[in-house]
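Undergrad: okay, predicted coordinates and the sequence, questions at the end:
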Amino acid sequence: MSLPPTDSRPLRRLMPVMLLAALAGACSSGPAPTTYDLSAPSSRIRGAAGVQVLVNEPAAIQTLATQQILVKDASGSVSFIGEGQWADNLPRLIQTRLINTFENASQLRGVSRPSSGAVADVQLVSELRSFEIATPSNEAVVEISVKIVSDQTGRIASGRIFRARVPVAAVDAPNAARALDEALSIAMLDIVRWVSGSPLPRRAEPGDVSSQAPLTDKAPT
């Protein structure tokens, strides 16, 4: 007794799908991108002793809120360096390193994230505006807007934009990461210096009406 012939049509229909899956697997088997961290500089900076500061995660547009290393040309077109990536989402990583820089460099009583639950005098609210390699000038460009906000009243005490540019030897992952790290270190030390030298609002303790100077919208006469 002979067996009925096997219908090979389903197998023929599956073959292109299997081939595409194999090709996709081959394409994704390349080397993983190298991961780069950012550093927190150390430099003793005087001022603002006894103040508790909360450092918020910087706001950022979608192209900056990633782990990718950006390149922007003169026309504003953005591309990415494929063989490298940051160790964390960029705004979160910058928040961590800015906190570390305050801890390393300043005389603040304490510095932490808002999620820590710490009772603070002021908050730093910031926006990451630029963090890329600019071509054809081949420079690492960092720009961060920072505001000092009273934690008790929500009033903005002061604001400033911090910028830094550092030449990059080549537009590749190691050189780009090194130059951007250096530019960020310059900007972060400038931020710590500015905050430490600013007249910061203090949270009034219960029964103490003199511990916080009033903030007014009028310029002093």
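TA: It's in.

Undergrad: next, the nearest residue to residue 34 once chain neighbours are set aside: secondary structure please.
TA: Of all residues not flanking residue 34 in the chain, residue 84 sits nearest, at 5.1 Å (CB to CB, 6 or more residues apart in numbering). C-beta here means a position set from N, CA and C on the backbone, and glycine is covered the same way. Following DSSP: H, G, I helix; E, B strand; the rest coil, we place residue 84 in the strand state.

Undergrad: and residue 188, which of the three is it?
TA: helix.

Undergrad: skipping adjacent residues, who's closest to it in space?
TA: residue 101 (4.5 Å).

Undergrad: where in the protein is pLDDT low?
TA: Residues of the chain meeting the criterion pLDDT under 70: 1-30, 205-221.

Undergrad: residue boundaries of the strands in it?
TA: All strands of the chain, identified by DSSP state E, fall at 34-36, 52-55, 68-72, 78-86, 110-112, 122-134, 139-150, 156-167.

Undergrad: ok, the second one: who's next to it in the sheet?
TA: This points to strand 52-55. strand 110-112 (parallel), strand 122-134 (parallel) (DSSP bridges).

Undergrad: with just CA atoms, put the longest one into CSV.
TA: As requested, C-alpha coordinates have been extracted for strand 122-134 and formatted as CSV (Å, rounded to 0.1, in the frame of the first residue of the first chain):
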residue,chain,number,x,y,z
VAL,A,122,15.9,75.4,45.9
GLN,A,123,15.4,73.2,42.8
LEU,A,124,17.4,73.4,39.6
VAL,A,125,15.1,73.1,36.6
SER,A,126,17.0,72.7,33.3
GLU,A,127,16.6,72.1,29.6
LEU,A,128,19.2,70.2,27.5
ARG,A,129,19.4,72.3,24.3
SER,A,130,22.4,70.9,22.5
PHE,A,131,24.6,67.8,23.0
GLU,A,132,26.2,66.9,19.7
ILE,A,133,29.2,66.9,17.4
ALA,A,134,28.8,69.9,15.0
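
Undergrad: give me the distance from that strand to the chain's centre.
TA: The chain centre lies 7 Å from the centre of strand 122-134; the measure is CA atoms, centre = their mean, to the nearest Å.

Undergrad: and the helices in this protein, which stretches?
TA: Taking DSSP state H, the helices of the chain run over residues 9-27, 90-105, 173-197.

Undergrad: which other helices and strands does the longest one contact?
TA: So the one you mean is helix 173-197. The contact analysis (3 or more CB pairs under 8 Å, 6 or more residues apart in numbering; DSSP states H and E) places helix 173-197 against strand 34-36, strand 68-72, strand 78-86, helix 90-105, strand 122-134, strand 139-150, strand 156-167.

Undergrad: can you list contacts of the last one?
TA: Put plainly, it is strand 156-167. 122, 129-130, 138-150, 179-180, 182-184, 186-187, 190-191, 194, 198-201, 215 (CB atoms under 8 Å, 6 or more residues apart in numbering).

Undergrad: find the centremost residue of the protein, please.
TA: By CA atoms, centre = their mean, the chain has its centre lying nearest to residue 91, at 2.7 Å.
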